[in-house]
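Engineer: return a 3D structure for these sequence lines:
(one chain, ligands or ions: 1)
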Amino acid sequence: MLTRIDHIGIACFDLDKTVEFYRSTYGFEVFHTEVNEEQGVREAMLKINETSDGGASYLQLLEPTREDSTVAKWLAKNGEGVHHIAFGTADVDGVAADVRGKGVRVLYDEPRRGSMGSRITFLHPKDCHGVLTELVTSAEPSSAEH
Ligand code: MC0
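Structural biologist: Have a look, this model is predicted:
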């Protein structure tokens, strides 16, 4: 069961400048930053609001760390903008199996490590009406998520 929008991923060329835009324009502060070498991104999570399932929704600003990363490839083709949407669930394995059974390509056999120790997988954008879609189970899902 999907219970919230976990985050919206926004690809940018310069993470520090983009963080400053969101801070000075809207007042959003950085909640967390990290480098995910496997995904080839440096990222900043800006918490927007808590959600009724005990989780939260974020903007995720993404800067590529290497030219062969998926985000670098996407930026070269499209420029900056919304790269993906991520839905939160207490059971990423179960939801992935369910949508796979409905004919949607799930990109990973097993969930991988995402932001803040979460477990993530992606659904192919061509099977989701053009939207790269991520499924996320937080590192410590609250009991309210179940
Ligand atoms: C590619 N396409 C997209 C897209 N990326 N469409 C919508 N949104 C996107 N973000 C489209 C292309 O335009 C192309 O369409 C077709 O999909 C194939 O794309 P490609 O450029 O040839 O690239 P591929 O096939 O090598 O890779 C696409 C694929 C890849 C979605 C499989 O980007 C991928 O594995 N993404 C999942 C991982 C990821 O994106 N990681 C970065 C965020 P046409 O019509 O031109 O054929 S990491 C993250 O977010 C973590 C840290 C977290 O949340 O915690």
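Engineer: up against the ligand, what does the chain have?
Structural biologist: The chain comes close to the ligand at residues 9, 36, 39, 41, 43, 60, 62, 70-71, 73-74, 83-84, 86, 107, 114-115, 120, 122, 124-126, 130, 132, 134, as judged by CB under 6 Å from any ligand atom. C-beta here means a position set from N, CA and C on the backbone, and glycine is covered the same way.
Engineer: one more time with 5 Å
Structural biologist: For the chain, the residues in contact with the ligand (CB under 5 Å from any ligand atom) are 9, 36, 39, 70, 83, 114-115, 122, 125, 132.
Engineer: by neighbour count, which of the residues you listed wins?
Structural biologist: The residue in the residues of the chain next to the ligand with the most neighbours, by other CB atoms under 10 Å, is G114 (27 neighbours).
Engineer: and the nearest residue to it once chain neighbours are set aside, which helix or strand is it part of?
Structural biologist: Excluding the flanking residues, the one nearest G114 by CB to CB, 6 or more residues apart in numbering is I120, at 3.4 Å. I120 is part of strand 119-123, with elements assigned from DSSP states H and E.
Engineer: C-terminal to that strand, what's the next element?
Structural biologist: Next helix or strand after strand 119-123 toward the C-terminus (DSSP H and E): strand 133-137.
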